[in-house]
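Structure here, sequence nowhere to be found:
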């Protein structure tokens with residue numbers, strides 16, 4: 001599975017919201033109209049989870065988001081799995097500049113890493129190893145038992161000669 005783009009947001013001083021999504025891992029790709037080293041000092045925006053209520057919008061887990069040439073990958077667990085959620089991004093409010101900062105939001109709908117999936121994988125691996133080891137031991141026992149029945153096993157004398 002690959003990253004799926006769900007939104008592109010041209011940031012300014014207001015909050016903008018992505019469509020609803022599932023999954024815990026999001027990637028923010030930044031496009032700037034200037035090089036990052038030409039940005040004013042402390043140029044940043046904010047990112048948050050959004051939960052909708054009939055009469056209000058709730059921002060949860062608000063964080064600073066700095067524009068850069070690299071992609072930003074965030075793992076944002078959903079504390080309320082029964083509710084739909086979105087991502088909200090707001091640009092900087094400190095400076096009035098002609099800088100255009102566009103943030104592209106991508107979602108990975110499959111878990112990248114979780115302890116439960118790792119534990120399940122290890123349990124499956126140990127079970128398959130145990131089954132294959134037991135099967136190999138059983139095959140060896142069958143071969144030895146067959147050889148004894150066919151009297152193909154020769155006795156070893158104490159001085160080390162075989163018949």
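That came through fine. Because the structure is a prediction, the values reported are computed rather than measured.

separation between residue 49 and residue 40?
Distance, residue 49 to residue 40, by C-beta to C-beta, to the nearest Å: 28 Å. (Glycine included, C-beta is placed from N, CA and C.)

what about these two, which has more around it?
Legend: neighbour count by other C-beta atoms under 10 Å for residue 49 and residue 40, higher for residue 49 (20 against 11).

Show me what that one is bridged to.
Beta-bridge partners recorded for residue 49 (DSSP bridges): residue 60, residue 87.

isn't it right up against residue 84?
No. Assessed by C-beta atoms under 8 Å, residue 49 is found out of contact with residue 84, at 10.8 Å.

Quick check: mean pLDDT of the strand or helix carrying residue 136?
Using DSSP states H and E, the element containing residue 136 is helix 115-149. Averaging pLDDT along helix 115-149 yields 71.

starting at the chain centroid, how far to that helix?
31 Å (C-alpha atoms, centre = their mean, to the nearest Å).

what packs against that helix?
Under the contact definition 3 or more C-beta pairs under 8 Å, 6 or more residues apart in numbering; DSSP states H and E, helix 115-149 sits against no other helix or strand.

Buried residues of it, list them for me.
Using 16 or more other C-beta atoms under 10 Å as the burial criterion, none of the residues of helix 115-149 qualify.

What of stretch 49-61?
49, 50, 51.

Just the endpoints, please. Distance across stretch 41-56?
Using C-alpha to C-alpha, to the nearest Å, one end of stretch 41-56 lies 34 Å from the other.

Report the contact partners of the closest residue to residue 30 other than its chain neighbours.
Using C-beta to C-beta, 6 or more residues apart in numbering and skipping the chain neighbours, the partner closest in space to residue 30 is residue 67 (4.5 Å). By C-beta atoms under 8 Å, 6 or more residues apart in numbering, the contact set of residue 67 is 30, 32, 36, 39, 43, 44, 45, 101, 103.

try residue 84
By C-beta under 8 Å, 6+ apart, residue 84 lies in contact with 20, 51, 52.

Which of these fall in strands?
51, 52 (DSSP state E).

which among the contacts of residue 84 gets closest to residue 62?
Residue 62 has its nearest neighbour among those in residue 51, at 12.7 Å by C-beta to C-beta.
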